[in-house]
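Colleague: make a model of this:
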Amino acid sequence: MRYTAIIGCLLTASVILTVPLATAQGLTPVAAANPKIPGVAAPNALSVELAEVVRAQGAMLLENPRDWAMYYGYNNDQPNLVPLPPPAGFNVEATKTEPDKNTYLVLHRQRGADPQYDYGTHFLFQGHEGGVGNPKKGYITRINLDADIAHRVTLLATTDIHGNPLPVFDGSTWYPWAAHLLFTAENGAAGGVWQATLDVPSSVEDISGCLGRGGYEGIQADSAGNLWIVEDVGGANGSAAASLTHARQPNSFIYRFVPNNIYDLTAGGKLQVLAVKSLAHAGNIVFNTTPDADILSQDEHDLHTYGSVFATTWITIQETTNCSTPFGANALAKGTGTPFKRPENGMFRPGTHFREFFFTETGDTNALTEAGSQFGGLGGLFKLTQLHPSAEHGQLTLFYLSDVNHTGFDNLGFWTKDFLVVVEDAGDTLHTQRNALDSAYLFDVRLDFSNPARQPIRILAQGRDASATIDSGLMGTTGFQNDGDNEITGIHVSDGDPTPGGILGAKTPRPFNGKWRVFYTQQHGDNITFEIIPSRHAVDAKDRSDEREDD
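Modeller: Okay, the predicted model is just below:
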């Protein structure tokens, strides 16, 4: 059989419907997370049916470098692009750019820096979360998946249409109605949303005058052309007097932008914030000026209790027609919307006509949090259900309550209609506390996880490359500017369809069927973007099955 035909049959309906949870989607669980051992690098471990291949990595020279952007995952502020064991007293290396959320598109007639080169049709777009300067300067790149190494990564932009340096970016998505890429900056009062054309060079425009400024990270469109934005802003720590010094106040919001014109986002619209009605008192759950009042509140306990069902309302906090002046979304949301503990990303469940929206809550990323699981200190997964994507009211429920072994949830993506991949960004502190690096988990969203004996399966145990191992040892030393342990980000399952019918959530994903592809980025260290593919084990198993059928 041809290889493409083999991988297209790996996740057939018969496999999906007959496997138990322990081998959900035909994937064997990875037994344990990689331990965090000082000075010791470790390889990534995936389900035996999966493998990963490098599509780009930090030291790759951009085909058209300029300004501060010379390499895919490293700035050019220091000569030691790939860190070596530093001499005594030297602990500064090239700044890591940390490529972030992935957006995959199948496009025709795309140009690059070389007018004579055929760049193919398969592309992966990313903003970069790290950068040089104060404020940090970022850039946008395109991985040309069909190209040779010399043309593999194209720099799209380092500045906006006014010549201003781009900020560092976290989230990204494709907005097909206006034919723009959208990038989010998780920079608090300096954050927001930027739109970029597909050109090389790209024309990039700050549209935060329409969508507001905030610590924006996750961004997704629904079938009506609304944009759902998930904010990640760490709150203040509790007081020593209340013994809450390891717990943070909920300080981030879920937003929905309803554009006046889906073909031109600069025409303005309504920015709304999600408000959740309290079960403990009259009115909505809102931000308190005193952190202690929120951290151990009855509302926080109720939000993180299985079986609680909350009524929700979208409340308009700003209407715009002239988007020339940015406004502070987070400030407007306080006292109106419901704050969460760092909800970083959200995704619509395929097959629900955009009626179900799942979003992660990262939590305090500290095992010592006095909030514990029961008050959201370790975060979780929430599900928002509405009759249609533009509905003003809905219901919020807790889907999964995190514990120390499953926490720091960040990016997520639907593997199929019923299976959701969620990845951790627990951070070096929590890695040390639990002696475990990050993992990616597969959840069956049809199941009830209130029984603690029922847990998702681990499909990826993140390792630590040699560069990140060195960086981890340098964390906290004077002059060191990079992060330590590797982090999983940008989990992305897509067939690359650039039409409105191809937005995430519109189709049922079918990984490895010849069109649908799976990507993620291993941030920090070598900054590698991987594509997940079927392993030789899975292909051999399919061959053996075919041989038995032939016999």
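
Colleague: how about low-confidence regions in this structure?
Modeller: Applying pLDDT under 70 to the chain picks out residues 1-24, 80-90, 537-551.

Colleague: geometric centre of it: which residue is closest?
Modeller: For the chain, the residue sitting closest to the mean C-alpha position, by C-alpha atoms, centre = their mean, is residue 411 at 3.1 Å.

Colleague: that residue against residue 420, yeah?
Modeller: No: taking contacts as C-beta atoms under 8 Å, residue 411 lies outside contact range of residue 420: 11.2 Å. Yep, even glycine has a C-beta here, placed from its N, CA and C like the rest.

Colleague: does the residue nearest to the centre of the chain sit in a helix or strand, and which one?
Modeller: strand 409-414 (DSSP states H and E).

Colleague: pairing partners for that strand, with directions?
Modeller: strand 419-424 (antiparallel) (DSSP bridges).

Colleague: chain center to the strand it pairs with, what's the gap?
Modeller: Offset of strand 419-424 from its chain centre (C-alpha atoms, centre = their mean, to the nearest Å): 10 Å.

Colleague: list the contacts of the closest residue to residue 157 other than its chain neighbours.
Modeller: Excluding the flanking residues, the one nearest residue 157 by C-beta to C-beta, 6 or more residues apart in numbering is residue 202, at 4.4 Å. For residue 202, the contact set (C-beta atoms under 8 Å, 6 or more residues apart in numbering) comprises 140, 156, 157, 181, 196.

Colleague: which residues does the third one bridge with?
Modeller: Going back to what we said before, that points to residue 157. Under the criterion used here (DSSP bridges), residue 157 is bridged to residue 140.

Colleague: show me which residues of the longest strand that the chain contains are buried.
Modeller: Determined from DSSP state E, the single longest strand within the chain is strand 309-320. In terms of neighbour count (16 or more other C-beta atoms under 10 Å), strand 309-320 has its buried residues at 310, 312, 313, 314, 315, 317, 318, 320.

Colleague: again with stretch 274-286
Modeller: 274, 275, 276, 277, 278, 279, 284, 285, 286.

Colleague: so which pair among those is furthest apart in space?
Modeller: Maximum pairwise distance among the buried residues of stretch 274-286 (C-beta to C-beta): 16.1 Å, between 274 and 279.

Colleague: all the helices of the chain, residue numbers only.
Modeller: 3-8, 13-18, 208-211, 291-295, 298-303, 329-333, 427-434, 466-474, 536-550 (DSSP state H).

Colleague: what's near enough to touch residue 359?
Modeller: By C-beta under 8 Å, 6+ apart, the neighbours of residue 359 are 218, 230, 254, 343, 345, 346, 347, 381, 382, 384, 412.

Colleague: and it, how close does it get to residue 131?
Modeller: Per C-beta to C-beta, to the nearest Å, residue 359 is found 27 Å from residue 131.

Colleague: residue 164 too?
Modeller: Per C-beta to C-beta, residue 164 is found 14 Å from residue 131.

Colleague: quick one: which of these two has more around it?
Modeller: Each of residue 164 and residue 131 has its neighbours counted (other C-beta atoms under 10 Å); residue 131 has more, 24 against 11.

Colleague: my read: that one touches residue 68, true?
Modeller: Yes: counting by C-beta under 8 Å, residue 131 touches residue 68, with 7.1 Å between them.

Colleague: overlap in contacts, those two.
Modeller: Counting by C-beta under 8 Å, 6+ apart, the shared contacts of residue 131 and residue 68 are 75, 137, 139.

Colleague: for the first one, give the beta-bridge partners.
Modeller: In this case it means residue 75. Assigned bridge partners for residue 75, using DSSP bridges, are residue 69.

Colleague: got the contact list for residue 169?
Modeller: So residue 169 contacts 100, 127, 128, 129, 138, 140, 183, 184, 185, 194 (C-beta under 8 Å, 6+ apart).

Colleague: who's in contact with the third one?
Modeller: Applying C-beta under 8 Å, 6+ apart, one finds that residue 128 lies in contact with 97, 98, 99, 100, 138, 139, 140, 141, 168, 169.

Colleague: same thing with the first one?
Modeller: Taking C-beta under 8 Å, 6+ apart as the contact definition, residue 100 lies against 126, 127, 128, 129, 169, 170, 171, 172, 489, 490, 521, 523.

Colleague: what helices or strands is the longest strand of the chain leaning on?
Modeller: Judged by 3 or more C-beta pairs under 8 Å, 6 or more residues apart in numbering; DSSP states H and E, the packing partners of strand 309-320 are strand 269-276, helix 329-333, strand 393-401.

Colleague: could you pull out the strands for the stretch 101-250 of the chain?
Modeller: 103-106, 122-127, 140-144, 153-157, 172-175, 180-185, 192-196, 204-206, 216-221, 227-231 (DSSP state E, counting those that start in this stretch).

Colleague: distance to residue 238 and mean neighbour count added to the ones you listed, as CSV?
Modeller: Shown next, in CSV, are those (distance: least, C-beta to C-beta, whole Å; neighbours: other C-beta atoms under 10 Å):
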stretch, distance to residue 238, mean neighbour count
strand 103-106, 37, 21
strand 122-127, 33, 25
strand 140-144, 38, 24
strand 153-157, 41, 25
strand 172-175, 34, 22
strand 180-185, 28, 27
strand 192-196, 29, 25
strand 204-206, 35, 21
strand 216-221, 24, 27
strand 227-231, 21, 26
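
Colleague: the ones you listed: which one's closest to residue 426?
Modeller: Nearest to residue 426 among the strands of the stretch 101-250 of the chain is strand 216-221 (16.4 Å), distances taken as C-beta to C-beta.

Colleague: on that earlier part again, now the contacts of residue 359: which count as buried?
Modeller: Buried among those by 16+ other C-beta under 10 Å: 218, 230, 254, 343, 345, 346, 347, 381, 382, 384, 412.

Colleague: adding distance to residue 297, write those out as TSV.
Modeller: Output for these, formatted as TSV (distance: C-beta to C-beta, whole Å):
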residue	distance to residue 297
218	25
230	22
254	19
343	17
345	25
346	23
347	28
381	20
382	17
384	21
412	26
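
Colleague: let's see which of the residues you listed end up in strands.
Modeller: Short answer: these in strands (DSSP E) are 218, 230, 254, 346, 347, 381, 382, 384, 412.

Colleague: wait, what's in contact with the closest residue to residue 322 other than its chain neighbours?
Modeller: Of all residues not flanking residue 322 in the chain, residue 268 sits nearest, at 7.0 Å (C-beta to C-beta, 6+ apart). Residue 268 makes contact with 210, 259, 260, 319, 320, 321, 322, 323, according to C-beta under 8 Å, 6+ apart.
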